[in-house]
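S.K.: return a 3D structure for these sequence lines:
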Amino acid sequence: MRLIFLLIATCITASYAAAATYSGKISISQKYIVFTDSQEQKDYIVKSATPLIAAHINKLSDGDFISFDGTKNYTDRSVIISSFNYVGLKGLVGTWFGDDDYCYTFHTFTEFSISRKFGDACLTPSRPNYTYVLSPTSNSWVIIISATHGGNYLGEIHFYGQSDVGFYLYDPESGDILRSIRLRK
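M.R.: Okay, here's the model as predicted:
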């Protein structure tokens, strides 16, 4: 009996990978949210460890990038997300025009630049001057920004539509809003 129990326990644990950090892109079908692992180039059905993680997963869009801690189940080709490290939003990538007469160009999921707006055009720097990471919250996205010239900033991004974003920068000491910028594509 003990041998049978050990055999069953071994089979069950062999179908699960140990908890680890994974990253890749999300694709959304009518039936499932699918994660494509960047290293393996294999697809896994996304599941969540908690209702809060499920709410964060449901905020993602097709083509978004995610880095998370979780567990893979190789038997049913699923991945259980237990926490997010950061996300890259496909809908944020591109040039946004701020109501402060600046252009905000999100070059990649982790780099952006700020430049002056001249009429309907932007003077974009040759390379990004900020790196950033996004993390989901219940109703927005927290953004942590590092400037190449020094300094770190904390902010929040609210999507009001596909081409309408609220960008809020906070004082890291007091939590007061330093700047509130409306971005439009």
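
S.K.: now tell me which helix or strand of the chain has the poorest mean pLDDT.
M.R.: Every helix and strand of the chain was ranked by mean pLDDT, DSSP states H and E. The lowest is helix 2-14, at a mean of 35.

S.K.: what's downstream of it, the next helix or strand?
M.R.: Elements were assigned by DSSP states H and E; along the chain past helix 2-14, the next helix or strand is strand 20-28.

S.K.: parallel or antiparallel, list what pairs with that following strand.
M.R.: strand 33-37 (antiparallel), strand 65-73 (antiparallel) (DSSP bridges).

S.K.: contact partners of that strand?
M.R.: Strand 20-28 is contacted by residues 33-39, 43, 46, 60-72, 79, 85 when judged by CB atoms under 8 Å, 6 or more residues apart in numbering. Every C-beta, even on glycine, is put in place using the N, C-alpha and C of the backbone.

S.K.: buried residues, it. List them.
M.R.: 22, 24, 25, 26, 27 (16 or more other CB atoms under 10 Å).

S.K.: mean confidence score for that strand?
M.R.: When pLDDT is averaged over strand 20-28, the result is 96.

S.K.: what does stretch 138-154 give?
M.R.: 90.

S.K.: assign residue 53 to helix, strand or coil.
M.R.: helix (DSSP: H, G, I helix; E, B strand; the rest coil).

S.K.: quickly list what the closest residue to it other than its chain neighbours is bridged to.
M.R.: In space, residue 53 comes closest to residue 81 once its chain neighbours are excluded; the distance is 5.4 Å by CB to CB, 6 or more residues apart in numbering. Residues found in beta-bridge contact with residue 81 (criterion: DSSP bridges) are residue 48, residue 70.
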